[in-house]
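> Give me the fold of what follows.
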Amino acid sequence: MYRIDIMTLFPDVVGDMLCESILGRAQERGYIRIECHQIRDYTLNKQRQVDDYPYGGGRGAVMQADPLYQCWKHICDEAGERIHTIYMSPAGKTFDQADARRLRDDYQRLILVCGHYEGIDERFIEECVDEEISIGDFVLTGGEIPAMAVADAVCRLVPGVLSDPSCYENESHWNGMLEAPQYSRPEVWHERTVPSILLSGNHAKVDQWRRKQSILRTRHRRPDLYAQLDLTSKADRKLLRELEEETGEKFL
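As a prediction, the model looks like this:
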């Protein structure tokens with residue numbers, strides 16, 4: 001079983017979200033377990049205070065080190081070992097699909113720490129945090145949304161959570177490309193038709209079409225990813241020539 005413990009001030013909100021749909025069913029079947037821990041439960045303050053004014057002045061408040069530490073220590077003591085700990089931070093490395101695969105492959109259990117206010121006491125980070133992760137170059141009011149995003153991205157890669165590895169291996173970013181367009185019934189909607197190749201029943205041709213669309217979409221929408229692609233195989237060069245004929249763009 002793959003397990004993620006989330007340290008948060010809003011455990012009910014986070015827990016409810018991650019217990020729905022695919023992840024909820026995966027927890028019921030024992031493939032994964034996601035536990036949320038209320039940081040306020042680990043403060044010695046009668047008011048259950050977990051924050052205070054920052055040293056050196058400034059606006060806002062900072063989450064105190066000790067409630068965070070006591071919560072973190074409780075989780076590790078219960079596990080009988082130190083657990084790989086990630087602080088959801090706008091100052092961290094930007095999370096991507098490779099990180100999701102790395103966290104699934106390298107660890108069987110994670111702790112995700114959700115900050116609030118102006119952040120958390122640096123001393124807790126120095127003592128307990130193994131890495132800091134961001135989900136983008138922007139700032140949110142708390143770490144819960146990033147933590148849910150990371151938990152979802154990692155857990156859906158755990159064997160058994162999805163019906164088959166192909167469910168994620170053909171998606172955007174798995175192989176460095178964006179996914180091809182998808183279509184469903186009806187065949188015609190608002191006078192827009194499904195590409196005829198998808199109705200042909202020729203699976204080899206469908207696969208080629210999807211590969212071409214992935215190349216095209218990645219080139220147009222994410223030129224940074226496209227620049228890193230290895231499209232030197234004989235099959236890919238054939239597709240690139242076809243794309244040149246179809247679009248008038250230069251691919252080779």
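> can you give me the strands for the stretch 51-200 of the chain?
Using DSSP state E, counting those that start in this stretch, the strands of the stretch 51-200 of the chain run over 51-52, 62-63, 84-94, 109-114, 131-134, 188-189, 192-193.
> Remind me what the longest one packs against, helices and strands.
If I follow you right, that is strand 84-94. For strand 84-94, the packing partners by 3 or more CB pairs under 8 Å, 6 or more residues apart in numbering; DSSP states H and E come out as helix 97-106, strand 109-114, strand 131-134, helix 144-155. Placement of C-beta: from N, CA and C, glycine included.
> Return the most buried member of the strands of the stretch 51-200 of the chain.
Comparing those by mean neighbour count (mean count of other CB atoms under 10 Å), strand 109-114 comes out on top with a mean of 24.
> what's in contact with that strand?
Here strand 109-114 makes contact (CB atoms under 8 Å, 6 or more residues apart in numbering) with 2-10, 14, 68, 72, 75-76, 79, 83-88, 103, 120, 129, 142-144, 146-147, 150-151, 154.
> Just the buried ones from those?
2-10, 14, 68, 72, 75-76, 83, 85-88, 103, 120, 129, 142-144, 146-147, 150-151, 154 (16 or more other CB atoms under 10 Å).
> Show me what the closest residue to Pro54 other than its chain neighbours bridges to in the sheet.
Of all residues not flanking Pro54 in the chain, Val62 sits nearest, at 4.7 Å (CB to CB, 6 or more residues apart in numbering). Beta-bridge pairing of Val62 under DSSP bridges involves Asp52.
> which residues of the stretch 51-200 of the chain score low on pLDDT?
Within the stretch 51-200 of the chain, the segments meeting pLDDT under 70 span 165-174.
> Without its sequence neighbours, what residue ends up closest to Tyr31?
Excluding its sequence neighbours, the residue lying closest to Tyr31 (CB to CB, 6+ apart) is Gly160, at 4.1 Å.
> for that neighbour, phi and psi?
Dihedral pair for Gly160: phi 100, psi -20, per degrees, to the nearest 10.
> Next one: it from Met63, what distance?
Going from Gly160 to Met63 by CB to CB, to the nearest Å gives 36 Å.
> same question, Ile6
15 Å.
> now do Val50
Counting by CB to CB, the gap from Val50 to Met63 is 6 Å.
> quick one: common contacting residues for those two?
The contact lists of Val50 and Met63 share Ile39, where a contact means CB under 8 Å, 6+ apart.
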